[in-house]
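Undergrad: Structure of the sequence below:
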Amino acid sequence: MANGKGKTNKRGKGKAPLQFRSEALAQALEKQDMAAVALALRNGNTVVPLWTYRAPDTSEVALLLFSDAAHKPATLPPSVGLQSPGWLLAFLRTHQDEITTVFLDIAGPHPMQASPGDL
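TA: Sure, this is the predicted structure:
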């Protein structure tokens with residue numbers, strides 16, 4: 001779990017801070033290129049909130065994904081994780097009957113929406 005800021009190892013030395021960002025995903029979203037988005041998600045880590053969003057009026061479930069933890073709106077819960085492509089694929093397969101849509105960088109700077117199958 002993280003609050004979107006970089007982390008170092010327990011002693012604060014050694015490893016570089018963990019970056020909660022996917023440059024490939026950010027570039028794909030900027031281009032609004034769904035094929036590039038899918039490729040970025042399949043080949044790099046993604047910032048994922050540790051929860052899903054359920055629309056109060058329809059009860060539909062949406063997954064929110066971010067190219068950078070800094071793009072997560074402050075009004076949403078603070079916890080995010082940096083997840084691998086394998087984790088994302090397994091999550092989408094497990095919850096494919098529940099998740100109706102996926103929002104990417106919902107608050108910008110280059111938001112997109114896709115079906116789980118598109119990704």
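Undergrad: helix, strand or coil for the residue positioned nearest the centre of the chain?
TA: Residue closest to the average C-alpha location in the chain (Cα atoms, centre = their mean): Leu65, at 2.4 Å. Assigned state for Leu65: strand (three-state reduction, DSSP: H, G, I helix; E, B strand; the rest coil).
Undergrad: got a list of what it touches?
TA: Leu25, Leu41, Thr46, Val47, Val48, Leu88, Val102, Phe103, Leu104, Asp105 (Cβ atoms under 8 Å, 6 or more residues apart in numbering). Where C-beta positions appear, they are placed from N, C-alpha and C, glycine not excepted.
Undergrad: rerun at 10 Å
TA: 22, 25, 29, 37, 41, 46-49, 71-72, 83, 88, 102-106, 112, 114, 119 (Cβ atoms under 10 Å, 6 or more residues apart in numbering).
Undergrad: For Pro49, give me the backbone phi and psi.
TA: The phi/psi pair for Pro49 (degrees, to the nearest 10) reads phi -60, psi 150.
Undergrad: wait, it sits on Leu63?
TA: Yes: using Cβ atoms under 10 Å, Pro49 is in contact with Leu63, at 8.5 Å.
Undergrad: out of those two, which sits in the more crowded spot?
TA: Neighbours around Pro49 and Leu63, counted as other Cβ atoms under 10 Å, are more numerous at Leu63. The numbers are 23 against 18.
Undergrad: The more buried one contacts Leu50, doesn't it?
TA: No: judged on Cβ under 10 Å, Leu63 makes no contact with Leu50 at a distance of 11.6 Å.
Undergrad: hey, where'd the helices end up in the chain?
TA: Listed in chain order, the helices of the chain (DSSP state H) span 23-31, 34-43, 85-94.
Undergrad: So which of those helices is nearest Ser59?
TA: helix 85-94 (18.8 Å; Cβ to Cβ).
Undergrad: same for the closest one, what does it pack against?
TA: helix 34-43, strand 46-49, strand 61-65, strand 80-83, strand 99-104 (3 or more Cβ pairs under 10 Å, 6 or more residues apart in numbering; DSSP states H and E).
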